[in-house]
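Trainee: Fold the stuff below for me.
(2 chains)
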Amino acid sequence: MRAVGLRTRVTTVFALGALALSVALAGATYEFVRAVLLDDRESAAIRAASLDGSLVRQGLAGEEPDIALVLRNLDTGETRRPLVRSGGAWFARTADDRLAPAVSPALQGLVEAGDPALQRVRVEGEPVLVVGVPLQEGASYYELTSLEELRRTLRLLATVLGVLALVTTVAGAAVGRGVSRRVLRPLGDVAHTAGSIASGDLGARVARDSDPDLDRLAVAFNAMVDEVSARSAADRRFAADVSHELRSPLQTLSAATSVLDRRRDELDSRTGAAVDLLTAEVTRFEQLVTDLLELARADKPADRRPTDVVALTRSVAASRGLPPEVVQVSGDDALLDVDPRRYEQLVVNLVDNAANHGGGAVRIGVDVSPEALVLEVDDEGPGVPTDERALVFDRFARGRAASARGGTEGTGLGLAIVAQHVSAHRGTVEILDRTGGGARFRVVLPAGQDDGAGP
Amino acid sequence: MPRLLIVEDDDRIRLSLRLALEDEGYVVKDVATAEEGLAEQRANPADVVLVDLMLPGMDGFDCIRALRRHGDVPVVVVSARDDTHDVVAALEAGADDYVVKPVAVKELSARLRALRRRASGSGGDAPEVRRFGEIELRPDAGEVLLGDEQVHLTRTEFRLLCELADQSGRVLSRQQLLDRVWGYDVYGDERLVDVHVGRLRRKIERDPANPQHVVTVRGLGYKLAT
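Mentor: Below is the predicted model of the structure:
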């Protein structure tokens, strides 16, 4: 399951908070308004019932009173309906006494005991307030007040409050979303900038934020990038200086040695031997410095472009004096997007490695497909023991494995450079056993476009 | 004997290169600054010039541009800098070849031989006049006409055009061009070819960004469209 994002969570929390708060407020409001209105209606009903009760009492004072007429003469408006209980019988304005059952025995008991009382009941689904007032001996007056209007008012109130709660919840969600967007925006900026820097735009910086709290992130991030790029610029300057300081004296050594070497035959044997040593070591030293400087550029990405890798492989083989049939091509393609300089050096180093440690390359296999290039360099040497296969790609790994294979040539950096070039292409290199003895170095370079900055 | 001018501020490198190249049969004059080099070249023109890039005062790039303004003497950069940026800038300034220090004398000597072969005016195998669209190539006269106008090419550019013309219609890879024009028998720097093709196009194409004559064949190299 995918984790829920911070933005969704913040939005949800804001919405739920707004919902809880607005529901609580709406509930309290509703209850308060309802209590006040009900209280008001009850007081009014009691006042009206007392007044009407005293009128009925007067009306019943005469001989043989017509109770229905007395009730009909009451001015009760539309919402109140009078009812009299006298001598065990109910009297209403009309003969219709459907109202009578609304008066509960409990209420009757209270009123007949001489106390005014009230009760809320439901008549035919309508809320009704029943107020009872004791009259003369054995008689009591009841007034039924409809609370329908109050109920409608409260229902309207409930609807309004409900809608308000809903609106508040949505507003809460919107605020949550806005707030989270606002808060997370610097993170997005930082991520975007980090991406730009990673893909080579070293000048990219995060824009300052007007909010001092959020601005801290931008300032801290920019300071970090400044620091890192200052250090890497210093490193590059150092590498360039080292490069220059090593290359210049080597140029003098190389040229001066060649002057000596040219007069080799004029020298006595001791001097001649010394000149030979000098020449060989200067050559090796040149290669060593070149290889070290190459390894120091580990952070450079592969400069991929369409390259005829088959032709390049053949030209390397030819330059190393290998017969043309050593290069065996399979697959239909010859073109692949690789860094030609790195590919070339990779092939050279593998071929030189085979020459130095395996008696020379006997087969160079090239298989190009649209997805990848597979390069195999086979030799007929002693092979590489399984437990040393990972080690030979280490720098200066000319230890046990190499000396056992009789190698004293080379700088000990050739295979490390191979590993670096392979890794810059996001490829793989491995050592296998060649059928019939010897080692097989297999390099796979995918045709991907998503090279990063090397290992 | 071919005359060689070395512009190099490092005394030891200058002396050692001079000794080694004198052994290779050159008459060598060496100076430490670009200004001296330009004065020397005006007074006693050399057949080929070696230039370092980092020089006190006027730098190597400006020195190459100044040499180019005065003539088409072949220029080889010998520099400790191997950034693509520097290589391309030096070639754009007009250098014919670029080698990175330390360079073996044998290698440098081969570079210089190839340059002098180009400079000696032999333009390809077939000396007769050839036409490619608006371009007229006269190898024996060492001339190129675009329409009726004569185009001034350096010797390297001229040689590059002649090699493409010899194979007209067929593609030459960058490595083949390096071999034929610059004399690289081993693998070489393809940027040399790309920058020189760019320079050539600016001179012989009506719209260098959309070349009609020197055409890039993706992944393979270049050809001269007929």
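Trainee: Toward the C-terminus, what is the element adjacent to the longest helix belonging to chain A?
Mentor: Scanning chain A for the helix with the most residues, using DSSP state H, yields helix A:6-59. Using DSSP states H and E, the helix or strand that follows helix A:6-59 in sequence is helix A:67-73.
Trainee: how about the closest residue to chain A within chain B, secondary structure?
Mentor: Per Cβ to the nearest Cβ, residue B:219 is where chain B lies closest to chain A, at 3.1 Å. To be clear about C-beta, it is placed using only N, CA and C from the backbone, and glycine gets the same treatment. Under DSSP: H, G, I helix; E, B strand; the rest coil, the three-state class of residue B:219 is coil.
Trainee: Flag the shaky bits of chain B, pLDDT-wise.
Mentor: B:118-127, B:185-188 (pLDDT under 70).
Trainee: In it, which residue is most central in space?
Mentor: Centroid-nearest residue in chain B, with Cα atoms, centre = their mean: residue B:96, separated by 2.0 Å.
Trainee: Report the backbone C-alpha coordinates of the helix or strand that contains residue B:87 in CSV.
Mentor: Using DSSP H and E, residue B:87 sits within helix B:84-93. Backbone C-alpha positions of helix B:84-93 (Å, rounded to 0.1, in the frame of the first residue of the first chain) are rendered in CSV as follows:
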residue,chain,number,x,y,z
THR,B,84,37.4,19.3,-23.6
HIS,B,85,36.7,23.0,-23.1
ASP,B,86,40.4,23.9,-23.6
VAL,B,87,40.9,21.5,-26.5
VAL,B,88,37.9,22.9,-28.4
ALA,B,89,38.7,26.5,-27.6
ALA,B,90,42.3,26.0,-28.9
LEU,B,91,41.1,24.3,-32.1
GLU,B,92,38.4,27.0,-32.6
ALA,B,93,41.1,29.6,-32.2
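Trainee: buried sites along it?
Mentor: B:86, B:87, B:88, B:89, B:90, B:91, B:93 (16 or more other Cβ atoms under 10 Å in any protein chain shown).
Trainee: Run a quick check on the first one versus residue B:92, I expect a contact.
Mentor: I take that to be residue B:86. No: taking contacts as Cβ atoms under 8 Å, residue B:86 lies outside contact range of residue B:92: 10.6 Å.
Trainee: Stretch A:296-310 and chain B, are they touching?
Mentor: Yes: counting by Cβ under 8 Å from any Cβ of the partner chain, chain B has neighbours in stretch A:296-310: A:303, A:305, A:306, A:307, A:308.
Trainee: Quick check: which helices or strands does the one helix or strand residue A:192 maps to pack against?
Mentor: Using DSSP H and E, residue A:192 falls within helix A:148-198. If you count contacts as 3 or more Cβ pairs under 8 Å, 6 or more residues apart in numbering or on different chains; DSSP states H and E, helix A:148-198 packs onto helix A:6-59, strand A:126-134, helix A:212-262.
Trainee: what inclination does the longest one have with respect to strand A:126-134?
Mentor: In this case it means helix A:6-59. 40 degrees (axes from the mean of the first three to the mean of the last three Cα atoms, to 10 degrees).
Trainee: Between helix A:148-198 and helix A:6-59, find me the angle.
Mentor: 170 degrees.
Trainee: Any idea how many residues pack against the residue of chain B closest to chain A?
Mentor: 18 (other Cβ atoms under 10 Å in any protein chain shown).
Trainee: Touching, it and residue A:310? I think so.
Mentor: No: between residue B:219 and residue A:310 there is no contact, the gap being 11.0 Å when judged by Cβ under 8 Å.
Trainee: hang on, the earlier thing: avg pLDDT for the helix holding residue A:192?
Mentor: The predicted model assigns helix A:148-198 a mean pLDDT of 88.
Trainee: and the angle for that helix with helix A:212-262?
Mentor: 20 degrees.
Trainee: how about the residues of chain A near chain B?
Mentor: That would be A:240, A:243-244, A:247-256, A:258-259, A:262, A:283, A:286, A:289, A:293, A:303, A:305-308, A:311-312, A:315-316, A:319, A:335, A:340-341, A:344, A:348, which are the residues of chain A within reach of chain B (Cβ under 8 Å from any Cβ).
Trainee: Narrow these to those that are buried.
Mentor: A:243, A:247-248, A:250-256, A:258-259, A:286, A:289, A:293, A:307-308, A:311-312, A:315-316, A:335, A:340-341, A:344, A:348.
Trainee: you'd agree residue A:377 is up against residue A:357?
Mentor: No: using Cβ under 8 Å, residue A:377 is not in contact with residue A:357; the gap is 11.5 Å.
Trainee: before we move on, the earlier item: the residues of stretch A:296-310 next to chain B in strands, which ones?
Mentor: A:305, A:306, A:307, A:308 (DSSP state E).
Trainee: Run through the stretch 201-350 of chain A and note the low-pLDDT ranges.
Mentor: For the stretch 201-350 of chain A, the ranges with pLDDT under 70 are A:299.
Trainee: Quick check: beta-bridge partners of the closest residue to chain B within it?
Mentor: In the stretch 201-350 of chain A, no residue comes nearer to chain B than residue A:306, which is 3.1 Å away by Cβ to the nearest Cβ. Per DSSP bridges, the residues bridged to residue A:306 are residue A:337.
Trainee: tell me the domain ranges of chain A?
Mentor: A:6-153, A:212-296, A:305-446 (automatic domain parsing).
Trainee: ok, and which of these has the densest surroundings?
Mentor: domain A:305-446 (a mean of 19; mean count of other Cβ atoms under 10 Å in any protein chain shown).
Trainee: Show me how far it is from its chain's centre.
Mentor: 42 Å (Cα atoms, centre = their mean, to the nearest Å).
Trainee: Same question for stretch A:256-270.
Mentor: 70 Å.
Trainee: What is the end-to-end distance of it?
Mentor: 19 Å (Cα to Cα, to the nearest Å).
Trainee: tell me the SS of residue A:329?
Mentor: strand.
Trainee: can you list the domain ranges for chain B.
Mentor: Taken from automatic domain parsing, chain B resolves into B:3-119, B:130-224.
Trainee: Columns distance to residue A:199 on top of those, output as a markdown table?
Mentor: Formatted as a markdown table, these follow (distance: least, Cβ to Cβ, whole Å):
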| stretch | distance to residue A:199 |
| --- | --- |
| domain B:3-119 | 18 |
| domain B:130-224 | 23 |
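Trainee: Residue A:217 is nearest to which of those domains?
Mentor: Closest of those to residue A:217 is domain B:3-119, at 34.5 Å (criterion: Cβ to Cβ).
Trainee: and that closest one, anywhere near chain A?
Mentor: Yes: contact of domain B:3-119 with chain A (Cβ under 8 Å from any Cβ) involves B:10, B:12-13, B:15-17, B:19-20, B:23, B:54, B:78, B:80-82, B:84, B:100-106.
Trainee: can you count the residues close to residue B:9?
Mentor: Here the number of neighbours of residue B:9 (other Cβ under 10 Å) works out to 16.
Trainee: residue of the stretch 351-455 of chain A with the smallest distance to chain B?
Mentor: Closest approach between the stretch 351-455 of chain A and chain B, counting by Cβ to the nearest Cβ: residue A:368, at 11.2 Å.
Trainee: Contact partners for that residue?
Mentor: Going by Cβ atoms under 8 Å, 6 or more residues apart in numbering or on different chains, residue A:368 touches A:309, A:310, A:331, A:332, A:333, A:334, A:335, A:336.
Trainee: Could you do residue B:226 as well?
Mentor: B:132, B:133, B:168, B:169.
Trainee: Pull out the buried members of these.
Mentor: For the contacts of residue B:226, buried by 16+ other Cβ under 10 Å: residue B:132.
Trainee: Sort out which of the contacts of residue B:226 are in strands and list them.
Mentor: Per DSSP E, strands hold the following members of the contacts of residue B:226: residue B:132.
Trainee: Mind giving me the packing neighbours of the longest helix of chain A?
Mentor: Against helix A:6-59 (3+ Cβ pairs under 8 Å, 6+ apart) you get helix A:67-73, strand A:80-86, strand A:117-123, strand A:126-134, strand A:139-146, helix A:148-198.
Trainee: Using JSON lines, please lay out these together with distance to residue A:30.
Mentor: Below are these laid out as JSON lines (distance: least, Cβ to Cβ, whole Å):
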{"stretch": "helix A:67-73", "distance to residue A:30": "37"}
{"stretch": "strand A:80-86", "distance to residue A:30": "26"}
{"stretch": "strand A:117-123", "distance to residue A:30": "17"}
{"stretch": "strand A:126-134", "distance to residue A:30": "16"}
{"stretch": "strand A:139-146", "distance to residue A:30": "21"}
{"stretch": "helix A:148-198", "distance to residue A:30": "6"}
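Trainee: Thank you kindly, that will do.
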